[in-house]
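Engineer: Need coordinates for the following:
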Amino acid sequence: MATVADVSTASAGSTPKGNKSHELVKSVIKAPPYSYAHLELFNPESSSAEELDALQVRSHCTAALKQFLGATGVAIPVDILKVEGSSCWLRVPRDDLGAFAAAITAWQGTRQNGVHSTLRIRGCSDWLGALVGQQDEQKLWTD
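Structural biologist: Next up is the predicted model:
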């Protein structure tokens, strides 16, 4: 028991008296594994916003990636995080974000029942928190 008390006394005496906090772990994330995209369904001919669902988002993204990159584009994993109204938030591997954004931008969209619709990129980021508040931030300045 005397040795345990000696060790604790020695470690307590080696720290500065003014510093009461201790850094347990320090971690820096330089390159996160995923990036995030905020997409919106855009109908240039219609003033009303059309509702999206997860199946439509998957179908539109697959069509865009297939048209732009072929089989390589279809192999890019796209995770649908949230679909709300005409907006959706997606997660893609960080290294594939450039190809994904180029495919969505270049895609001409679909025409169903005489209505043309396409996806528009509202924002892309390596951090989801940077995208989440953008929609409400735009309302602040437009209302």
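Engineer: Tell me what the residue positioned nearest the centre of the chain is bridged to.
Structural biologist: By CA atoms, centre = their mean, the mean C-alpha position of the chain lies nearest to Tyr36, the distance being 1.7 Å. Using DSSP bridges, the bridge partners assigned to Tyr36 are Arg91, Ser125.
Engineer: name the helices or strands packed onto the one helix or strand Cys88 maps to?
Structural biologist: Cys88 belongs to strand 87-93 when elements are defined using DSSP states H and E. Counting contacts by 3 or more CB pairs under 8 Å, 6 or more residues apart in numbering; DSSP states H and E, the secondary-structure elements packed against strand 87-93 are strand 34-42, helix 54-69, strand 79-84, helix 128-132. Just so you know, the C-beta spots here come from the backbone N, C-alpha and C atoms, and that holds for glycine as well.
Engineer: Point out the most buried one among these.
Structural biologist: Among the helices and strands packed on strand 87-93, the stretch with the highest mean neighbour count (mean count of other CB atoms under 10 Å) is strand 34-42, at a mean of 21.
Engineer: correct me, but the residue nearest to the centre of the chain touches Asp126?
Structural biologist: Yes - A contact is recorded between Tyr36 and Asp126 when judged using CB atoms under 8 Å, the distance being 7.5 Å.
Engineer: one step back: residues touching the strand holding Cys88, excluding its own?
Structural biologist: Outside of strand 87-93, the residues within contact range by CB atoms under 8 Å, 6 or more residues apart in numbering are 33-41, 52, 54, 57, 61, 76-82, 100, 122, 128, 131-132, 135.
Engineer: Gln112 is nearest to which of the helices and strands packed on strand 87-93?
Structural biologist: Of all the helices and strands packed on strand 87-93, the one in closest proximity to Gln112, counting by CB to CB, is helix 54-69 (10.2 Å).
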